[in-house]
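Novice: Provided below for reference: sequence and predicted model.
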Amino acid sequence: MPMDNSKYIKFFFTEAEELITNLNRQLVLLEKNYSDAAVINEIFRITHTIKGNAAAVGFANISTFAHLLEDIFDKVRNGKLQFTKDIADTVFRAIDELTDLIERTRKDGV
């Protein structure tokens, strides 16, 4: 008998909304100081959490997208990529796309 994971999916969407809000908040902070290690680590943690939670409930599309953001911030926090205004602008657009992807998934149930 298949497991009913509807309550986990509902939890995923509730938590994802909170995480996206916090992610945007952290990015605004990062724009004030592109080298703030605490903020960079928090952004990495948030994207990692979204990725893992999406994978856990079977939303591979969301997990894959979040993984791309996680990779960016892994490189930033390890000094392999310098965070700049151009990257900030791109990341803000990517967060908008991630938000839209989550909302489409919630609406379509896929």
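Specialist: Yep, that arrived.

Novice: buried stuff in the lengthiest helix in the chain?
Specialist: Across the chain, the longest stretch assigned as helix under DSSP state H is helix 6-32. The neighbour-count check on helix 6-32 (16 or more other C-beta atoms under 10 Å) flags 9, 12, 16, 19, 20, 23, 26, 27, 30, 31 as buried. Heads up, the C-betas are built off the backbone N, CA and C, glycines and all.

Novice: out of those residues, which is nearest to residue 100?
Specialist: Proximity of the buried residues of helix 6-32 to residue 100 (C-beta to C-beta) peaks at residue 20, which lies at 10.6 Å.

Novice: which residue packs closest to that closest one, ignoring adjacent ones?
Specialist: Spatial nearest neighbour of residue 20, chain neighbours left out: residue 99 (5.4 Å); criterion: C-beta to C-beta, 6 or more residues apart in numbering.

Novice: I'd like to know which elements the strand or helix carrying that neighbour is packed against.
Specialist: Residue 99 is located in helix 85-108, with elements delineated by DSSP states H and E. The contact analysis (3 or more C-beta pairs under 8 Å, 6 or more residues apart in numbering; DSSP states H and E) places helix 85-108 against helix 6-32, helix 60-77.

Novice: of those helices, which is nearest residue 107?
Specialist: helix 6-32 (10.3 Å).

Novice: quick check: angle from that closest one to helix 85-108?
Specialist: Here the directions of helix 6-32 and helix 85-108 differ by 160 degrees (axes from the mean of the first three to the mean of the last three C-alpha atoms, to 10 degrees).

Novice: packing partners for helix 6-32?
Specialist: With contacts taken as 3+ C-beta pairs under 8 Å, 6+ apart, helix 6-32 sits against helix 37-56, helix 85-108.

Novice: quick one: it to chain centroid distance?
Specialist: With C-alpha atoms, centre = their mean, to the nearest Å as the basis, helix 6-32 stands 7 Å off its chain's centre.
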